[in-house]
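# Quick one, structure for this:
(chains A and B)
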Amino acid sequence: MSDLLESTEPGPGTPAGDDVLVRIENVVKYFPVRTGGLVRRTVGHVQAVDDVSLSIPRGKTLGLVGETGSGKSTLARCVAGLIPVTSGKVIFDGRDVTNLSRSAMRPVRREIQMIFQDPYSSLNPRRRVGAIIGDPFTIHRTATGGERKRQVQELMERVGLNPEHYNRFPAEFSGGQRQRIGVARALALRPKLIICDEPVSALDVSIQAQVLNLLADLQRDYGLTYLFIAHDLEVVRHVSNTVAVMYLGRIVESGPITPVYDTPRHPYTAALLSAAPAADPDTAAARQRIILTGDVPSPIDPPSGCRFHPRCPKAEQICGTQEPQLEAKAGDAATHVTACHFPVQAGENLAAAQAGAN
Amino acid sequence: MSITGIEAASQEAAAGESALDTGAAKIQGRSQWQLTWRRLRQDKVAMAALVVILVIVLLAIFAPVFVSFTHHPPNIAYPNTGEDAAGNPVAPGTNGFWLGTDGTGRDLFIRILYGARISLFVGFFTTFVGVVAGLAVGLMAGYFGGFVDTVLARFTDAVLAFPYIVLALALAVVLGPSLTVIIGVISFFSWAAIARIVRGQTLSIKEKEYIEAARSLGAGPFRIMIFDILPNLLAPVLVLATLYIPTAIVFEATLSYLGLGIQPPTASWGNILADAQNFYSTSWWYVVFPALVLLITTLAFNLLGDGVRDAMDPRTERVFAAGRGRRGRKGREKRQVLAEDGSDAAHAAPYVPPAEGS
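Below you'll find the predicted structure:
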């Protein structure tokens, strides 16, 4: 269970504790909601990330899935040190990097880099590609002049761009090429961790595969560790070693890819998986689609108990009062943990349960 | 590509550095400025305005050369040749006074040229000061937000709300009218509007992902403002600056007309006009020529500013260019053709009954 969750006992087949690159301990991120006007009163908090603990082993990929507004990107920005955390700790490579000052964070920035979702807004339209990819060298003063240019062109070649396009503007590239520019920029300082915030969501499917393969090649060659955020479950399955499912700021289920995808325990995971389109029409026709009712509740005032209970087909009274703990359920490996009072059993028909409940 | 692949590539890059350089130069992307200039050159009105401005600037610069032709320095009165028997100014073309003389028998043409020096200097210099100060204040207010923003934005609003003529009059009375006071007053009132627009733009740009990318690389606030935000502001600020120059010129003329600006005998368009008001019934040229130069100059700057704005943003061009010359007619023809095609297609297509409820 050290694979994903903060725990002292190493689970079977998981790396030893000191091989963990990133450890997120009880991270909480609340954004204050303030009234407008001259005197600003805080009237509540958006509980974007609430008590999340995760760890990512060195050289592996953790996939983080969940719908829009579940707090995935906020968590990523907390790890990257882009926004301060409200409470909890982020431990990177044995060092506590929580809420460091800008100057103290500087050396850490070299080791944690980010690839952003939108290749159109993540590249400054007024700057040439060479300057964009060369920025890390300039900011950290690792290379200047001709050496910088050589390194930038090397990076461009490495990510599959024509190094001669050094002087072009981002607008002259396609979406996939732009994302490669973003990858080159993230790779420039040879980081240990790359946080990929939905790196392929904005690309079309054929290009997605190219970028994913590039990321996989880079991981193999440089021993990179990825925190990979996506809402495409198949993409996560393809690239990740472990997966964590978020709902309204909490982790509801996490574990190695195969058990989570084959026998999801949390009804929300099951619903997500059932909603993913299947390429094979026979599979698609045979599958029971679990359609959740209602919308995601407001993270300003999340439901009591299990945050999923108002939409859960299996919810009972206890779900609204008692918060379920993340724990391994009967029959699961110790690494596969679920926060649910009534975990889904293998072969159980949730769609039918839902129909009955309605 | 593997790691050895990179090394090979880097050797290649090192070996073929010069080849790469020439290649990069050949396919160098067109910058925003090159594109703007190409579009601006198509705009006949803006180009004519630019030529007019250049002519006025050259006339102002080479004013002493004209003195050597006319032998009439700007501040020398010619009671014998420059005034008629009744002591009134002589008409244009008389006694070698190309545009006639003013109330004290000085060469009006030369005085207008020397007035242009003052007007253009005040126009360019105060706009430069206003742009630099406006950018600094707007960037800081927009980027830092919070307390800094509150202080700077309220100060900007206060300056904008101030009755500037009143302040200018007060200052001129207290400090005594001089070029320095004029430049100070006009600069002080020109930065605020620029700061407000820069602040607004900065607020929207700082939410872009590329700003977050720069922060995740470890860039500090001033680096982000100068390298990431400023290049995106140059286009709107350049347009504003072009439109501010004529405002400053008119402001200077106003102050000088009121007697609080450039003091006689130094010529300025404003004080020439002030003197001319006693002679408008007898000597039309005394009023008409300085007023005409002022009008042509401000009009040219305004038309150039409009042209630059259209050239910067092709989308607005499409809206406003419809009535303007050849491009507009072409556009209408194209639309007509499209309409015809559309109607043909409608005839050819099988009739589809409208869906129910639509």
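
# what secondary structure does residue A:46 sit in?
Secondary structure, DSSP: H, G, I helix; E, B strand; the rest coil: residue A:46 is strand.

# Okay, the residue nearest to it when sequence neighbours are not counted and residue A:300: tell me how far apart.
Spatial nearest neighbour of residue A:46, excluding adjacent residues (C-beta to C-beta, 6 or more residues apart in numbering or on different chains): residue A:31 at 4.3 Å. No exception for glycine: its C-beta is placed from N, CA and C like everyone else's. Remark: distance between residue A:31 and residue A:300 (C-beta to C-beta, to the nearest Å) = 9 Å.

# mind showing which ranges of the stretch 1-150 of chain A have poor pLDDT?
Under the criterion pLDDT under 70, the flagged ranges of the stretch 1-150 of chain A are A:1-18, A:36-38.

# Helices of that one, residue ranges please.
Using DSSP state H, counting those that start in this stretch, the helices found in the stretch 1-150 of chain A span residues A:72-79, A:102-109, A:129-139, A:145-158.

# Residue B:246 contacts residue B:295, doesn't it?
No. At 10.0 Å, residue B:246 and residue B:295 do not qualify as touching, with contact defined as C-beta atoms under 8 Å.

# Can you pick out the residue with more neighbours from those two?
Each of residue B:246 and residue B:295 has its neighbours counted (other C-beta atoms under 10 Å in any protein chain shown); residue B:246 has more, 22 against 11.

# before we move on, which element is that one in?
For residue B:246, the host element (DSSP states H and E) is helix B:230-257.

# Specify the angle between that helix and helix A:129-139 in degrees.
For helix B:230-257 against helix A:129-139, the angle by axes from the mean of the first three to the mean of the last three C-alpha atoms, to 10 degrees is 90 degrees.

# in helix B:230-257, what's buried?
B:230-233, B:235-257 (16 or more other C-beta atoms under 10 Å in any protein chain shown).

# how close does the spatially closest residue to residue A:323 that is not a sequence neighbour sit to chain B?
Distances taken as C-beta to C-beta, 6+ apart put residue A:305 closest to residue A:323, at 5.5 Å, once the chain neighbours are dropped. To chain B, residue A:305 is 35 Å away according to C-beta to the nearest C-beta, to the nearest Å.

# what is residue A:247 paired to in the beta sheet?
Each beta-bridge partner of residue A:247 is listed here: residue A:250, as defined by DSSP bridges.

# doesn't residue A:307 make contact with it?
Yes. Counting by C-beta under 8 Å, residue A:247 touches residue A:307, with 6.1 Å between them.

# Model confidence score at residue 354, please.
No chain was given, so I picked chain A. pLDDT, residue A:354: 60.

# Can you look at chain B instead?
We have a pLDDT of 47 for residue B:354.

# Which residues are in contact with the residue lying closest to residue B:213 once chain neighbours are set aside?
Nearest non-adjacent residue to residue B:213, counting by C-beta to C-beta, 6+ apart: residue A:122, 5.4 Å away. By C-beta atoms under 8 Å, 6 or more residues apart in numbering or on different chains, the residues touching residue A:122 are A:116, A:178, A:182, B:208-210, B:212-213.

# spatially speaking, which residue is in the middle of the chain?
You didn't pick a chain, so chain A it is. Closest residue to the average C-alpha location of chain A: residue A:229 at 2.8 Å, with C-alpha atoms, centre = their mean.

# wrong one, chain B
Centre-nearest of chain B using C-alpha atoms, centre = their mean is residue B:242, 0.6 Å out.

# Excluding chain neighbours, what is closest to it?
When the adjacent residues along the chain are set aside, residue B:242 lies closest to residue B:305, with 3.6 Å between them (C-beta to C-beta, 6+ apart).

# residues near that neighbour, how many?
Using other C-beta under 10 Å, residue B:305 is surrounded by 21 other residues.

# burial measure for the residue nearest to residue A:46, as a count.
Quick note: residue A:31 (other C-beta under 10 Å) scores 16 neighbours.

# So for residue B:288, what's the pLDDT?
On pLDDT, residue B:288 comes in at 90.

# and it, what helix or strand is that in?
Using DSSP H and E, residue B:288 sits within helix B:284-312.

# list the buried ones in that helix?
B:285-287, B:289-290, B:293-294, B:297-298, B:300-312.

# Give me the distance between it and the centre of its chain.
For helix B:284-312, the separation from the chain centroid amounts to 11 Å (computed by C-alpha atoms, centre = their mean, to the nearest Å).

# which helices and strands does it pack with?
Other helices and strands packing on helix B:284-312, by 3 or more C-beta pairs under 8 Å, 6 or more residues apart in numbering or on different chains; DSSP states H and E, are helix B:32-42, helix B:44-61, helix B:108-144, helix B:230-257, helix B:269-276, helix B:314-320.

# Let me know which of the ones you listed is the nearest to residue A:204.
Residue A:204 lies closest to helix B:314-320 among the helices and strands packed on helix B:284-312, at 25.4 Å (C-beta to C-beta).

# one step back: chain B: which of the helices of the stretch 1-150 of chain A is closest?
Using C-beta to the nearest C-beta as the measure, helix A:102-109 is the one of the helices of the stretch 1-150 of chain A that comes nearest chain B, at 3.8 Å.

# For the helices of the stretch 1-150 of chain A, give me a markdown table that also has distance to chain B and mean neighbour count.
Listed next are those as a markdown table, based on distance: least, C-beta to the nearest C-beta, whole Å; neighbours: other C-beta atoms under 10 Å in any protein chain shown:
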| stretch | distance to chain B | mean neighbour count |
| --- | --- | --- |
| helix A:72-79 | 8 | 24 |
| helix A:102-109 | 4 | 15 |
| helix A:129-139 | 5 | 22 |
| helix A:145-158 | 5 | 19 |
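
# Looking at these, which is nearest to residue A:237?
Smallest distance to residue A:237 across the helices of the stretch 1-150 of chain A (C-beta to C-beta): 16.2 Å, for helix A:72-79.

# Which residues does that closest one contact?
Outside helix A:72-79, the residues touching it (C-beta under 8 Å, 6+ apart) are A:22, A:24, A:27, A:29, A:48-49, A:52, A:64-66, A:83-85, A:90, A:92, A:112, A:114, A:117, A:193, A:195, A:197-198, A:227, A:229, A:246, B:212.

# what about burial for the residues you listed, which qualify?
A:22, A:24, A:27, A:29, A:48-49, A:52, A:64-66, A:83, A:85, A:90, A:92, A:112, A:114, A:117, A:193, A:195, A:197-198, A:227, A:229, A:246, B:212.

# Select from those residues every entry located in strands.
A:22, A:24, A:27, A:29, A:48-49, A:52, A:64-65, A:90, A:92, A:112, A:114, A:193, A:195, A:197, A:227, A:229, A:246 (DSSP state E).

# could you give the angle of the helix holding residue B:288 to helix B:230-257?
If you take the same axes, to 10 degrees, helix B:284-312 sits at 170 degrees to helix B:230-257.

# Can you check what angle separates the longest helix seen in chain A from strand A:193-197?
Looking across chain A with DSSP state H, the single longest helix is helix A:205-222. Using the same axes, to 10 degrees, one finds that helix A:205-222 and strand A:193-197 are set 170 degrees apart in direction.

# sorry, back to before: test my guess that the residue nearest to residue A:46 contacts residue A:42.
No. Counting by C-beta under 8 Å, residue A:42 is not a contact partner of residue A:31; they are 10.2 Å apart.

# Can you point out the buried residues in stretch A:32-48?
Within stretch A:32-48, the residues scored as buried using 16+ other C-beta under 10 Å are A:45-48.

# What is the nearest of those residues to residue A:144?
Nearest to residue A:144 among the buried residues of stretch A:32-48, counting by C-beta to C-beta, is residue A:48 at 39.5 Å.

# roughly how far apart are the nearest residue to residue B:303 once chain neighbours are set aside and chain A?
The shortest distance from residue B:303 to any non-neighbouring residue, by C-beta to C-beta, 6+ apart, is to residue B:49 (4.0 Å). Distance of residue B:49 to chain A, given as C-beta to the nearest C-beta: 26 Å.
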